[in-house]
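**Student:** Structure, please.
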Amino acid sequence: MTLHSKPLLYDQIAADPMNDDFTNRGWLPVYSASVSSRIVLVGQAPGRIAQQTLRPWNDASGRLLRQWLNVTDEQFYDSDLFALMPIDFYYPGKGAHGDLPPRLDFAKKWHPRLLAQMPNVRLTILVGSYAQKYYLDRCAKQNLTATVADFNMYLPDYFPLVHPSPLNIGWRKRNPWFESDVIPVLQTIVKEVLS
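**Tutor:** The predicted model follows:
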């Protein structure tokens, strides 16, 4: 949630009984969206820090993501430019290897309602396998690496990315083409959409 205004549908999402477990803990939904948003960035779910600060991508992953996009913090957190809309708007908790998965039924219920109120969206960036499986469905390749490598197939509507988590540093080392070939195209497209 931005400090100055509530995102689209915020009160309805916060009051949804499907979120009672989180509401009872005193948690609020973490996302941002505006009728003027041009890029939708879909991740997995807020991390622990994002949930505590009510600021999406407020961690090392977010800093790297902003580098990949070649945008400032001010641009990234301007909901008229970016809608930050994970698959689930609540921190799911810690799992054995990173955070637990998001609730997919949350996205099915709320993403279409939010997107219907954002007529200016020109690009949806899909960060990680959960976002890619949800939005690309059967068009996604056999794994994330293949999907990201074939990013051109999904343009101009979608741009799949690996998650910028420190846990994925090994993936980035094994796939140097990502930063040499994919990131420059991403930066060019983002610049065009925002200009």
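**Student:** The nearest residue to residue 127 once chain neighbours are set aside - how many residues pack around it?
**Tutor:** Of all residues not flanking residue 127 in the chain, residue 43 sits nearest, at 4.5 Å (Cβ to Cβ, 6 or more residues apart in numbering). (C-beta placed from N, C-alpha, C; glycine too.) Per other Cβ atoms under 10 Å, the neighbour tally for residue 43 reads 28.
**Student:** list the contacts for residue 43?
**Tutor:** Residue 43 is in contact with 56, 57, 84, 86, 87, 127, 128, 131, 163, counting by Cβ atoms under 8 Å, 6 or more residues apart in numbering.
**Student:** Distance check, the third one against residue 187.
**Tutor:** Counting by Cβ to Cβ, to the nearest Å, the separation of residue 84 from residue 187 is 18 Å.
**Student:** And the two? Which one has more around it.
**Tutor:** Using other Cβ under 10 Å as the criterion, residue 84 and residue 187 rank with residue 84 on top: 26 against 15.
**Student:** How about the contacts made by that one?
**Tutor:** The contact partners of residue 84, by Cβ under 8 Å, 6+ apart, come to 31, 32, 33, 41, 43, 56, 57, 76, 77.
**Student:** in the sheet, who's paired with it?
**Tutor:** Counting by DSSP bridges, residue 84 forms beta bridges with residue 32, residue 41.
**Student:** what stretches of the chain score poorly on pLDDT?
**Tutor:** Filtered on pLDDT under 70, the chain yields the residue ranges 1-5.
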